[in-house]
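Asker: Below is the structure, and that's it, no one-letter string:
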């Protein structure tokens, strides 16, 4: 993997760059649509490619391990071939899902024993077998196995967990030295900074992760319920330390405003289920604020879903029509809303990139944050 840093905004730490892998270029800052179980929920790969047009999507190690299972993915020739996606894929480590299974798992130095949410069967994730699972999935960028701590989190627990995450990282790195990728293209490991919302722990973790010298780095544990101000404060601590010549990925974040504020702090990569999940509940993001398309006020509004027309969903369908689809529980409504929200997120990060390259990102970002912080 190669990262070229092209420009840094004069008024902030916002960066524009290009990541190059064996599956093509990724222009940063970038938002990665979440394809949890080998599918971006409700969107055909054709629409994803032609209309939303992301350079990279995300797959979920925990879910893909349980279904369809790694042996199926290996027979298919990896996730790219299985789901007919020839661009970049990033897989998470399963650490976040292990965190979310708090009543169903036991964490020890060796790894994590957990019960499947599907059938209650027991499984074990270790740093070594999580590397093997991601190797078999065949993503271009893979995550080190970590523990994602909850919020709020006791300081002693956060410190103990952080050091274990670092030891697990060493085991991930050592395992990958012994094996080769399965499908003829390179895989790049990103370590994950942890440390909850404690500045000294985040600093220690960022220093340890930077010392590993990986091709890119991730920031975890900042989308677990903490106030946005805490997220920004911890991100700022970490981006001050992580190397400038490597991409930085903030995991699981967030709202459009969260994304712009974290771009300003020097983050390059984002993922979140929010645009797709909120779309299925009728919440649409736009440059001028948030729409609840189920509200009666849109019943006879025949204007396009979004005047900006970033996708065919915005240009081809009116607010009244999409509201009608939701009111009769028609699946097409959720699909149109999903395409709209993903299209908007992609537009947002690409506009951010344009303004970083043009040198006026900060003024544009401040205007956009004010506009988007409204309910329409």
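Answerer: Yep, that arrived. If you're wondering where the values come from, they're calculated on a predicted model, not measured in any experiment.
Asker: Residue 125 reaches residue 111, doesn't it?
Answerer: Yes. With contacts counted by CB atoms under 8 Å, residue 125 reaches residue 111, the gap being 5.4 Å. (Each C-beta comes from the backbone N, C-alpha and C, glycine too.)
Asker: Show me the shaky parts of the stretch 151-300 of the chain.
Answerer: Residues of the stretch 151-300 of the chain meeting the criterion pLDDT under 70: none.
Asker: what about residue 125 and residue 111, which has more around it?
Answerer: residue 125 (24 against 19; other CB atoms under 10 Å).
Asker: hey, what's the residue lying closest to that one once chain neighbours are set aside bridged with?
Answerer: The shortest distance from residue 125 to any non-neighbouring residue, by CB to CB, 6 or more residues apart in numbering, is to residue 112 (4.9 Å). Per DSSP bridges, residues listed as beta-bridge partners of residue 112: residue 107, residue 125.
Asker: Tell me the spacing between residue 112 and residue 218.
Answerer: Distance, residue 112 to residue 218, by CB to CB, to the nearest Å: 18 Å.
Asker: Which residues are in contact with the residue lying closest to residue 347 once chain neighbours are set aside?
Answerer: With CB to CB, 6+ apart as the criterion, residue 347 has its nearest non-adjacent residue at 4.4 Å, and that residue is residue 310. Going by CB atoms under 8 Å, 6 or more residues apart in numbering, residue 310 touches 340, 343, 344, 346, 347.
Asker: Next, residue 310: secondary structure please.
Answerer: Under DSSP: H, G, I helix; E, B strand; the rest coil, the three-state class of residue 310 is coil.
Asker: Look up phi and psi at it.
Answerer: Here is the backbone geometry of residue 310 (degrees, to the nearest 10): phi -70, psi -20.
Asker: next one: residue 75
Answerer: phi -60, psi -30.
Asker: Distance across stretch 208-224, terminal residue to terminal residue?
Answerer: End-to-end distance for stretch 208-224, by CA to CA, to the nearest Å: 22 Å.
Asker: Can you name the residues in contact with stretch 46-58?
Answerer: Here stretch 46-58 has contacts from 24-27, 30-35, 40, 43, 85, 87-92, 140-141, 271, 311-313, 339, 342-343, 346, using CB under 8 Å, 6+ apart.
Asker: Give me the buried entries from those.
Answerer: 26, 30-35, 40, 43, 85, 87-92, 140-141, 271, 311, 313, 339, 342-343, 346 (16 or more other CB atoms under 10 Å).
Asker: Check which residues of the top helix by length along the chain are buried.
Answerer: Criterion DSSP state H: the longest helix present in the chain is helix 331-358. Using 16+ other CB under 10 Å as the test for burial, helix 331-358 gives 333-353, 355-356.
Asker: can you check stretch 121-128 too?
Answerer: Here stretch 121-128 shows 125, 126, 127, 128 as buried, counting by 16+ other CB under 10 Å.
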